[in-house]
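Visitor: what shape does this take:
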Amino acid sequence: MMRRTTVAYRAGIGVIAAAPLCAWAYPPYLTLWQQRYPTSTLPADMAALTGTSCNVCHHPPDRYYAGTCYREAIRTILDSGLEIEDALPMVEDLDSDGDGISNIDEILMPRLDTPGQVGYHPGLVGPLGTDPCSDFPDDIITGRIETPPGVCPADLNGDGLVDFSDYLEFLNRYEVEDPSVDFNRDGFVDFLDYLEFLNHYDAAC
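Guide: A predicted model of the protein is given here:
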């Protein structure tokens, strides 16, 4: 999966990206998204937290240039000639942000920190909502939890613990280049993924 680039915006080229509305993007896409997931409050949350509901897919402030890995997965399908109606269900079972939860589960999961709200962002992670696919992965996007509690990428065997059995599980998958251990989501299973796994493993999360 392609990594997004925000350097152009940060250099001052992306002035039009500061427009507050979705009008230059694809508002029908957002409408169809909302029709497919009517219980999710994610669009309203993104509007309140980032200034526009377009950031369900995009990444502030450069939404006209690139987006989160969730958006990039959708765009790849659209670029193949299919329609948004096809793309949305096709990415539901993916884990675009690599936090151990599928896109559809994040979109429809009731939030524990804000009762009444539904949906963790399928392209953002961690306690402050950062974008692991960004060129600036430490930049805070939403400032809230975007990885559902209890989910740990290093818990590869799903037993709720991070221990040596997870390390062995990683090595087994790593040796066969299993895409599930593509921790940095760059489309390759290599030493960078090993280092990323170790970061999670050492932090037990």
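Visitor: need the residue closest to the centroid of this structure.
Guide: The residue lying closest to the centre of the chain (Cα atoms, centre = their mean) is Gly123, at 1.4 Å.
Visitor: in contact with that one, which residues?
Guide: By Cβ atoms under 8 Å, 6 or more residues apart in numbering, the contact list for Gly123 reads Cys57, His59, Gly67, Thr68, Cys69, Tyr70, Arg71, Ser96, Asp97, Asp131, Cys133. From N, CA and C alone the C-beta is placed, and that goes for glycine too.
Visitor: tell me the secondary structure of the last one, please.
Guide: Of the three states, Cys133 takes coil under DSSP: H, G, I helix; E, B strand; the rest coil.
Visitor: isn't it right up against Cys69?
Guide: Yes - in terms of Cβ atoms under 8 Å, Cys133 counts as a neighbour of Cys69; the distance is 4.0 Å.
Visitor: roughly how far does Thr52 sit from Met90?
Guide: Look at Thr52 and Met90: by Cβ to Cβ, to the nearest Å, they are 25 Å apart.
Visitor: which of those two has more residues huddled nearby?
Guide: With neighbours defined as other Cβ atoms under 10 Å, Thr52 and Met90 compare such that Thr52 has more, 20 against 15.
Visitor: doesn't Ala44 fall inside a helix?
Guide: Yes - inclusion of Ala44 in a helix is indicated when three-state DSSP is applied.
Visitor: next, count neighbours for it.
Guide: Quick note: Ala44 (other Cβ under 10 Å) scores 14 neighbours.
Visitor: which ones are touching it?
Guide: Residues touching Ala44, when contacts are defined by Cβ under 8 Å, 6+ apart, comprise Ser53.
Visitor: what separates Leu124 from Asp166, distance-wise?
Guide: For Leu124, the distance to Asp166 (Cβ to Cβ) stands at 24 Å.
Visitor: between the two, which one's more packed in?
Guide: Neighbours around Leu124 and Asp166, counted as other Cβ under 10 Å, are more numerous at Leu124. The numbers are 30 against 22.
Visitor: tell me the pLDDT of the nearest residue to the more buried one once chain neighbours are set aside.
Guide: By the measure of Cβ to Cβ, 6 or more residues apart in numbering, the closest residue to Leu124 outside its immediate chain neighbours is Glu146, 4.0 Å from it. Looking at Glu146, its pLDDT is 92.
Visitor: how about Thr130?
Guide: In this prediction, Thr130 carries a pLDDT score of 88.
Visitor: and Asp186, by the same measure?
Guide: For Asp186, the model assigns a pLDDT of 78.
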